[in-house]
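S.K.: sequence first, then the predicted structure:
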Number of protein chains: 2
Amino acid sequence: MNIAIAQSGGPTCAINASLAGVIKEAFKNEKIDIVYGSINGIEGILNNEIIVLNNVFKTEEDFAVLMQTPATVLGSCRHKLPHLEDSPETFEKIIQKLEELNIGAFFYIGGNDSMDTVNKLSKYLKITGKDIKVIGIPKTIDNDLHITDHSPGFGSAAKFVATSMREIARDSSVYNLKSVTIVEIMGRHAGWLAASSAVLHALGEEAPHLVYLPECDFSIIRFLTDINKKLEETDTVIVAVSEGVRIKGADYMSEKKDNFGHAYLSGIGKYLEDIVSKETGCKVRSVELNVLQRCASHINSLTDISEAEAIGAEAVKVALQGETGKMMCFKRVSNNPYKIEFGTADANLIANSEKPLPREWINDDCNNIKDEALDYFLPLIQGECDIITELGLPKHFII
Amino acid sequence: MNIAIAQSGGPTCAINASLAGVIKEAFKNEKIDIVYGSINGIEGILNNEIIVLNNVFKTEEDFAVLMQTPATVLGSCRHKLPHLEDSPETFEKIIQKLEELNIGAFFYIGGNDSMDTVNKLSKYLKITGKDIKVIGIPKTIDNDLHITDHSPGFGSAAKFVATSMREIARDSSVYNLKSVTIVEIMGRHAGWLAASSAVLHALGEEAPHLVYLPECDFSIIRFLTDINKKLEETDTVIVAVSEGVRIKGADYMSEKKDNFGHAYLSGIGKYLEDIVSKETGCKVRSVELNVLQRCASHINSLTDISEAEAIGAEAVKVALQGETGKMMCFKRVSNNPYKIEFGTADANLIANSEKPLPREWINDDCNNIKDEALDYFLPLIQGECDIITELGLPKHFII
């Protein structure tokens, strides 16, 4: 039999590592002949943009470079499949293509929207009695997928955010004056990534002095009170703020919408910078870490990338065992020593919903992270990857 | 005799490496007893905030960690000394302190404003017949210091910018749609850092597709024409724009109002993002690399950090040879193999002035960098530093 794989949703640093995991495992398995790659997620199947990957990745270095390449080497999409009853012809078209290519298993690397695709497609296949397995492989820097302990891509994003936050703490404290630096961190609905910056506390850093997440209501007055209090205690105040914080009872910024109805948030950092500057009179700067959070693969977490590869390989085994309509999961066995196991969960339990940071990890004042959360975050950012360079820059794999 | 050292001006990733170079050389030299560090630049001398560094840095690892710590471990200042005739008492105060501590040489690591301090202070010392040498050690991510081939701190900033630009190029091209990504790069008066992102062309990358620098007048209409032309050629357009570009006859900083009626100023990147979005209708994003450009020491250039250390050591030798009122310089002997020599230049030739990027390195359309400039930039970003970590994050030295 043959298999097909595609990548979907927003970029991370670990999606290509999961791709590598699937391909390497498939190459090792005698039951699998051709590994097809669908270009731009499910759209490649629908539009017949499918390539044979067996000849693309040949050497160990090919895979090593692939695994340090951020984003999606096969492209991505934000294509949501219709409801089964609304457009059976869409599903027929996909299945026709999969059957034509003799696909026995289809792997979809993505977030909760992609798990919607895994769920719908696998259901349709079951209904129509087709023996094609569909397995989802998680990825998201937001870490907001249900059931799995964490998601590939998050650890590397968290390592970049914490490293940058530490560097910003040095940068912000050079002058003999009071200053506030606001670091805007990704996370539309859940504050995992902003919260993870608190790992610096385990190193004795006071930064981030304040942390604001979408899990709590956000009040400008309370925020300013927090800032003023911290400025009394220290000259340099570093604030981590999640892009998704919601000011209660106010629409504080303009929103653009993507195809899924998601709002693109931009500007909370700049917005708060302006307010703090006016209200405190001290030096204020905002830093939006922006897309670097999801693509700065030069500082990948070795733990994250190794796990991303492993979960891809595991997905192949699971499909061959006959499972379908599932997303691969991590179960955490222990923090110290850090140990995980693999599992699966029904994709419909993960699709279209976000897992918030546990409220008990946020302090009572809703402005910082409790130390007990650090045991969760720290293992995910451990280890550095050896980076293959060319002319002084990280090498990327481009198909 | 004793020596004193201070750090001044904006942070870079290489200032502490130059500090390490001075201290290590001083420790090796029998003529030098105590190495004093002035806190917050020249202000430490004026305010008597001076520490003995001999007991601060003890092991090889101390120095290694110091050299991977961004910003200024001794703090910094933006304190400009008055004209000699306006306030001789200021200079008297400095000299009194230096004599009290038996300082034979004072080292000032900084940019063109700091070289103004080196110039004025050394002149006053000469006039008053005091035998205290003053030597400037260059640093700036802007690379705009005259006479020296390049400045410590620039190579690491350029390596971060080019690495990030490459990662952003991957991140921006995942979807099957037209998009423009505008990367705002530091450089108020000179475009060296934005221009350096063109090293990606040597790797076969098309990004940056367009580059805009302060060295050319900037026209919105020409800019939009360039964008539209590129969008016809390719789906993903990546633009490098220097924060210092000046729109001819117009103040480019737009004042915006949010829903709360707060006005705030946005940078050139966000401003151009709005315009391109309105005029092209395609997906547009701006990324301000912000302070990470000058503090992302986790991806330092080994060449830069080694040179920063070496020029610090060289400064000690030069002072002991009797020179004063000079800034240390690099002279480039050859590009391939890359070879530099050290030299000195009168600090007054460097103070208060910026060196622009040579016009002949910019293309005729003023929207990209010619390949001949890459021979200049590439050697400066070569090599990676081994990073000492703790709990998965780069270790920093904090006094």
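M.R.: All right, it came through fine.
S.K.: and residue A:130, which of the three is it?
M.R.: At residue A:130 the chain is in coil, as set by DSSP: H, G, I helix; E, B strand; the rest coil.
S.K.: contacting residues around it?
M.R.: A:95, A:99 (CB atoms under 8 Å, 6 or more residues apart in numbering or on different chains). C-betas here are computed from N, CA, C, even on glycine.
S.K.: from residue A:315, how far off is it?
M.R.: 19 Å (CB to CB, to the nearest Å).
S.K.: just residue A:395 next, same as before
M.R.: Taken as CB to CB, the span from residue A:395 to residue A:315 is 26 Å.
S.K.: which stretches in the stretch 151-300 of chain A count as strands?
M.R.: With DSSP state E, counting those that start in this stretch as the criterion, the stretch 151-300 of chain A has strands at A:179-185, A:210-212, A:217-218, A:236-242, A:246-247, A:256-257, A:263-264, A:283-288.
S.K.: please name whichever of those strands is nearest to chain B.
M.R.: strand A:283-288 (4.8 Å; CB to the nearest CB).
S.K.: strands along the stretch 1-150 of chain A, start to end?
M.R.: A:2-7, A:35-38, A:50-52, A:103-110, A:133-138.
S.K.: residues in contact with the second one?
M.R.: By CB under 8 Å, 6+ apart, the residues outside strand A:35-38 that reach it are A:2-6, A:22-23, A:26-27, A:44-45, A:49-54, A:56, A:74, A:101, A:103, A:399.
S.K.: and that strand, average pLDDT?
M.R.: The pLDDT scores in strand A:35-38 average 98.
S.K.: direction included, what does it pair against?
M.R.: The strands beside strand A:35-38 in its sheet (DSSP bridges) come out as strand A:2-7 (parallel), strand A:50-52 (antiparallel).
S.K.: out of the ones you listed, which is the most enclosed?
M.R.: strand A:2-7 (a mean of 26; mean count of other CB atoms under 10 Å in any protein chain shown).
S.K.: okay, the angle between that strand and strand A:133-138?
M.R.: Using axes from the mean of the first three to the mean of the last three CA atoms, to 10 degrees, one finds that strand A:2-7 and strand A:133-138 are set 30 degrees apart in direction.
S.K.: so for residue A:395 and residue A:315, which sits in the more crowded spot?
M.R.: Each of residue A:395 and residue A:315 has its neighbours counted (other CB atoms under 10 Å in any protein chain shown); residue A:315 has more, 31 against 17.
S.K.: doesn't that one lie inside a helix?
M.R.: Yes. Under three-state DSSP, residue A:315 sits within a helix.
S.K.: who are the contact partners of it?
M.R.: So residue A:315 contacts A:18, A:21-22, A:107, A:135, A:137, A:328 (CB under 8 Å, 6+ apart).
S.K.: how about low-confidence regions in the stretch 151-300 of chain A?
M.R.: A:248-266 (pLDDT under 70).
S.K.: picking that back up, for the contacts of residue A:315, which one is nearest chain B?
M.R.: Of the contacts of residue A:315, the one sitting nearest to chain B (CB to the nearest CB) turns out to be residue A:18, at 14.7 Å.
S.K.: quick one: the closest one and residue A:140 touch, right?
M.R.: No. At 11.8 Å, residue A:18 and residue A:140 do not qualify as touching, with contact defined as CB atoms under 8 Å.
S.K.: neighbour count winner among the two?
M.R.: Neighbour count, other CB under 10 Å: between residue A:18 and residue A:140, residue A:18 has more, with 32 against 29.
S.K.: so the nearest residue to that one once chain neighbours are set aside is in which element?
M.R.: The shortest distance from residue A:18 to any non-neighbouring residue, by CB to CB, 6 or more residues apart in numbering or on different chains, is to residue A:312 (3.8 Å). Using DSSP states H and E, residue A:312 sits in helix A:302-320.
S.K.: just how off-centre is that helix within its chain?
M.R.: Relative to its parent chain, helix A:302-320 has a centroid offset of 15 Å by CA atoms, centre = their mean, to the nearest Å.
S.K.: follow-up on the earlier one: so which of the strands of the stretch 151-300 of chain A gets nearest residue A:226?
M.R.: strand A:210-212 (5.4 Å; CB to CB).
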